[in-house]
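1. Give me a model of this one.
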Amino acid sequence: MVMTAYIKRLLFLLCLLFCITACGYHNSASAPNRLGEKFHEIAVAKVENPTLERWLEPKIRSMLHDEIIRRGQLVWADRSKAEALISIKIISISSGSRILGDNDATLKYDKSLKVQMKVTDAADGTMIWNSGPVEVTESYYSGQEDAANELVTELLVRKLVDRMSQAY
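-> Model (predicted):
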C-alpha cells in the first residue's frame, strides 16, 4: 500500500517534469531569423514619419531597439558598423469611435497604427526583408489615449520583430 502511493507520486512527478520540459519554450537567442547568418549586427537607418505625431518616431526607435536586444537574436550596432539597416515608414496612426452610447456619445475609441519595415544590406543596399504593411488596432476608453498610444506602439513593434524572426 505504501509502495503503491510512492509509485503514484513518482509517476505524477515524472509526468509533471515531462509536461514542464515539453511546454514549447525555447531560447529565442538560438531561434532563427529571416535575415540569415550573414546579417547579425543591425541599426536603424531612418524612420519616415509623415504624421503630426512627433513622439512616434523616437518611441518606435526606442521600442524596436529594446525588443531586438531583449530577444537576443541580433546585435544592435552603430550605423557605420551595421551589416543590415532598418528603414521604417509610418503609414498612418488614427483614432476613431468604436462604441457609441444612447446619445451618440463615444464610449470607447480605437487607436490604429500602421507601418512598414524594410531591412537592407548595409554594404550594397539590396533588400533583405520587407514586412509589408503591418497594422495593430487597440480599443480604449476616454482619458486613456496616452496609454493606448504606448500599447499600440509596443504591440506593433513586437509584431514586426515576430515577423522578422519567423524563418519560414
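2. the helices in this structure, which residues?
-> Using DSSP state H, the helices of the chain run over 2-21, 56-71, 145-165.
3. In terms of mean pLDDT, which of these ranks lowest?
-> Ranked by mean pLDDT, the helices of the chain bottom out at helix 2-21, with a mean of 59.
4. pretty sure residue 81 is touching residue 41, no?
-> Yes. Assessed by Cβ atoms under 8 Å, residue 81 is found in contact with residue 41 at 6.4 Å. From N, CA and C alone the C-beta is placed, and that goes for glycine too.
5. And the two? Which one has more around it.
-> residue 41 (14 against 10; other Cβ atoms under 10 Å).
6. who touches the more buried one in this structure?
-> Neighbour list for residue 41: 74-77, 81-84 [criterion: Cβ atoms under 8 Å, 6 or more residues apart in numbering].
7. What sits closest to residue 63 if chain neighbours are left out?
-> Distance criterion Cβ to Cβ, 6 or more residues apart in numbering; nearest residue to residue 63, sequence neighbours excluded, is residue 157 at 4.3 Å.
8. quick revisit: make JSON lines from the contacts of residue 41 and add pLDDT to it.
-> Below are the contacts of residue 41 laid out as JSON lines (pLDDT from 0 to 100):
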{"residue": "74", "pLDDT": "87"}
{"residue": "75", "pLDDT": "88"}
{"residue": "76", "pLDDT": "89"}
{"residue": "77", "pLDDT": "90"}
{"residue": "81", "pLDDT": "92"}
{"residue": "82", "pLDDT": "93"}
{"residue": "83", "pLDDT": "94"}
{"residue": "84", "pLDDT": "94"}
